[in-house]
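Participant: Coordinates for the following, if possible.
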Amino acid sequence: MIGSICKCFVKFYQKSSTSRRALTLFMNFYQSVSITLRERIDQQREAGILEKVKRELKTQLLIHDNDDILHLAKLYQIQQRLDIHDDLLDEMHESLDQVTKDNVHNFFGHPLFSSLKADEDWDIDRSDVNIRDILDCTPLHYAAWLGDEKNARCLLYDGAKPTSIDLAEWTPLHYAAKKGMAAVARTLLEHGADIETRGRNGMRPLHCAAQFKSDNDNDEHVASVLVRAGANMDYQDSSQRNPLHWAAYCGNGRVVDLLLKRGAYTGARDDYGRTVLHLAAITGDTETVKLLLEGKVNTAAVDQDEATSLYLAVQKDHHAVVRLLLESGVDKEAKLNDGRTALHWAAEYGRKAMVRLLLEEGVNMEAKHNYGWTALHWAAQNGHEAVVQLLLDSDIDKEAEDRDGRTALHLAAQNGREAMVRILLESGVDKKAKHNYGRTALHWAAEYGHKAVVRLLLERGLDKEAKHREGRTALHWAVQNGDEAMVRLLLECGVDKESTDRYGRTALHWTAENGDEEMVRLLLECGVNREAKHNYRRTALHWAAEHGHEAVVRLLLESGVDKEAKHNYGRTALHLAAQDGREVVVRLLLESGIDTEAQDRDRRTALSLAAQNGYEVVVRLLLESGADNKSKDGDWRTALHWAAENDHKAVVRLLLEGGVDKEAKDRHGRTAQHFAAQNGHEAIVRLLLERGADKEAEDHDWRTALHLAAQNGHEGVVRLLA
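Facilitator: The predicted structure follows:
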């Protein structure tokens with residue numbers, strides 16, 4: 001359909017005697033088709049069709065009017081948007097900037113200006129002086145935009161409305177002000193233009209005029225025309241900016257001077273809390289800043305981030321403005337919400353010249369932000385060598401600590417700044433300094449994998465065995481983070497591979513717990529003690545089994561580790577794997593021939609623990625491997641007692657099928673039936689009864705399961721047992 005529409009248009013275009021007329025007619029047709037489509041399909045689909053229209057036209061209309069058609073299609077898309085915001089206004093004005101007397105009629109989609117030539121008057125049909133184009137602009141809008149005072153006056157005499165608004169709700173006066181057309185603005189005002197019409201973005205003509213920077217200071221500025229006509233200088237737009245804000249932001253010193261002399265309010269704030277001085281500092285216009293300072297503006301004002309004009313000028317690297325502000329007595333130590341000063345910002349972003357300027361002006365280089373960082377911390381962390389050297393040459397405290405006790409050296413090492421670390425070391429910084437938890441620069445570099453920094457620190461004699469508060473060395477950190485290259489480097493440098501933390505854990509323990517097979521392999525190849533035990537006598541095999549790391553368990557078993565080793569509570573790797581349901585690891589340990597009857601301090605076996613926690617598959621594996629289902633723990637409980645008490649029906653059934661003694665009693669004379677009844681587990685009670693359990697069995701206090709169920713209010717169980 002689209003292709004045929006475009007082909008029809010091309011045929012009509014080629015036959016038409018007036019190409020501009022053809023373009024106009026097509027645009028009318030194009031709009032009607034698009035509007036119909038808009039009613040029938042969703043916006044996304046329509047956008048795709050409009051793009052296809054443009055592609056078809058671009059392919060078939062290889063003539064000079066092609067760009068005009070594409071441009072009109074773009075403008076039509078703008079027209080279809082309902083929300084006119086600042087970005088869209090910029091796009092509209094960018095389009096209007098392409099308007100000249102030669103092509104203005106193209107933008108109207110109307111034959112009104114078909115006879116217009118570059119040096120001729122506009123040939124206007126007197127009945128159409130208020131027609132509108134696809135942006136809702138009238139001829140008067142364009143006359144104002146182009147600064148054509150002669151034709152603007154003719155239009156006004158013929159009935160053009162100076163109060164007409166376009167899509168952005170701008171009047172011709174807005175456009176005259178925006179483009180600095182003082183003569184047109186004066187003519188519009190003489191014919192009743194409203195000087196305070198508010199556009200959709202809240203801008204009034206004076207806001208627009210304040211943004212126009214004239215190249216000729218001898219001509220009357222359009223802002224002067226508006227001010228003399230009574231324009232309110234203090235109205236704020238949707239961004240809460242008044243004309244003075246805009247003049248300052250655009251570096252328009254002439255308008256700033258005009259408004260200040262006319263008594264414009266200098267204390268207004270935009271929606272970011274910024275005053276005119278803030279905006280002038282951002283743009284770096286020294287003339288405007290001088291005018292504002294002479295006007296006695298508040299130099300201490302802060303925006304919503306607590307930033308002063310000085311901070312913003314430093315942020316934008318405007319040296320001349322910074323000098324002016326400092327000479328005016330602005331607070332050079334003012335801080336943001338997070339406690340950063342202007343010096344901090346300059347140091348953080350490596351602005352050496354700005355740092356030097358601030359230091360020459362006597363700013364406090366030892367100032368700290370809320371977390372305790374000085375300018376040296378910021379520069380060191382971000383690798384700004386020249387700034388760090390400048391600060392060191394200025395005798396800044398190189399040992400300053402933040403709230404965590406970290407120095408600039410710590411931050412440089414943590415972030416892998418090798419050159420920075422070298423500079424700091426050569427300056428004589430304390431290389432052994434530890435932060436609040438006892439970490440040295442070597443710990444930070446090792447943890448974050450910065451090999452070059454680690455090598456440099458070790459070459460400079462840093463203690464490779466230094467421990468932090470929990471007793472970890474650099475090797476522990478590297479292993480814990482799985483950094484094989486770092487571990488190799490540290491081992492090559494002779495670090496103690498058997499070093500333990502305060503809990504007695506070695507590097508092998510840490511990597512086994514984390515399941516890092518390659519790291520475990522590396523440590524074993526380096527001859528680490530595979531039988532090492534931590535303070536509670538756990539080995540690497542215990543850690544790997546408990547966390548279900550099959551590959552590590554296999555590797556340790558292949559290395560000949562003692563699979564029967566017990567920790568302080570007497571449990572083997574099989575106990576730990578079984579209690580957490582690590583099926584694969586349990587199978588692997590069973591295949592290795594581990595003792596299934598090993599008991600912990602409470603005489604509990606792996607089967608007992610698996611049954612208690614309801615791991616059916618693990619229980620099955622253990623039973624198939626010959627685990628004794630009649631084994632009793634220190635309280636004479638069997639695996640069936642534990643499964644029944646904890647309502648694990650599948651495990652109870654599995655144990656019963658395996659021939660477990662369903663009448664076995666614990667040291668208090670209670671059977672599995674007692675535990676199930678006491679806890680209200682109806683399904684377990686029913687299953688035990690179906691398998692012939694004695695419901696009349698009594699404990700040492702002559703209580704049956706029925707007694708316990710009734711005592712605990714389990715009506716369903718009572719009905720089953722009664």
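
Participant: So Arg351 is in contact with Lys316, correct?
Facilitator: No - with contacts counted by C-beta atoms under 8 Å, Arg351 stays clear of Lys316, the gap being 10.1 Å. The C-beta positions use only the backbone N, C-alpha and C, and glycine is treated the same way.

Participant: These two: which is more packed in?
Facilitator: Neighbours per residue, other C-beta atoms under 10 Å: of Arg351 and Lys316, the larger number sits with Arg351, 22 against 14.

Participant: So the more buried one versus Ala386, what's the distance?
Facilitator: Relative to Ala386, Arg351 is positioned 10 Å away (C-beta to C-beta, to the nearest Å).

Participant: which stretches of the stretch 151-300 of the chain have low pLDDT?
Facilitator: Residue ranges of the stretch 151-300 of the chain with pLDDT under 70: 218.

Participant: which residues in it form helices?
Facilitator: For the stretch 151-300 of the chain, the helices defined by DSSP state H, counting those that start in this stretch cover 172-178, 182-190, 205-210, 222-228, 243-249, 253-261, 276-283, 286-294.

Participant: so what secondary structure elements neighbour the first one?
Facilitator: The elements that helix 172-178 packs onto, with contact taken as 3 or more C-beta pairs under 8 Å, 6 or more residues apart in numbering; DSSP states H and E, are helix 139-146, helix 182-190, helix 205-210, helix 222-228.

Participant: Give the burial count for the closest residue to Leu292 other than its chain neighbours, as a bare number.
Facilitator: Computed as C-beta to C-beta, 6 or more residues apart in numbering, the closest residue to Leu292 that is not its neighbour in sequence is Leu277, at 5.1 Å. Here the count is done by other C-beta under 10 Å, and Leu277 has 30 residues near it.

Participant: Report the contact partners of Leu277.
Facilitator: For Leu277, the contacting residues are 248, 266, 289, 292-293, 297-299, 301, 309, by C-beta atoms under 8 Å, 6 or more residues apart in numbering.

Participant: and if we set it to 6 Å?
Facilitator: Residues near Leu277 by C-beta atoms under 6 Å, 6 or more residues apart in numbering: 292, 297, 309.

Participant: So the second one sits against Gly267, correct?
Facilitator: By that I understand Val297. No - the criterion here is C-beta atoms under 6 Å, and Val297 misses it with Gly267 at 7.8 Å.

Participant: Comparing the two, which residue is more hemmed in?
Facilitator: Val297 (23 against 10).

Participant: which ones are touching the more buried one?
Facilitator: Applying C-beta under 6 Å, 6+ apart, we find Val297 in contact with 266, 277.

Participant: ok, 10 Å please
Facilitator: By C-beta atoms under 10 Å, 6 or more residues apart in numbering, Val297 lies in contact with 244, 248, 260, 266-267, 275-278, 280, 289, 291, 309, 328.

Participant: Now for Arg200, how many residues are close by?
Facilitator: So Arg200, with other C-beta under 10 Å, has 18 neighbours.

Participant: Would you confirm that Arg262 contacts Gly230?
Facilitator: No - using C-beta atoms under 10 Å, Arg262 makes no contact with Gly230, being 11.0 Å away.

Participant: hmm, back to that, among the helices and strands packed on helix 172-178, which comes closest to Asp699?
Facilitator: Nearest to Asp699, of all the helices and strands packed on helix 172-178, is helix 205-210, at 91.4 Å by C-beta to C-beta.

Participant: For the closest one, name the packing helices and strands.
Facilitator: helix 172-178, helix 182-190, helix 222-228, helix 243-249, helix 253-261 (3 or more C-beta pairs under 10 Å, 6 or more residues apart in numbering; DSSP states H and E).

Participant: Find residues that contact each of Val297 and Gly267.
Facilitator: Taking C-beta under 10 Å, 6+ apart as the criterion, Val297 and Gly267 both touch 275-277.
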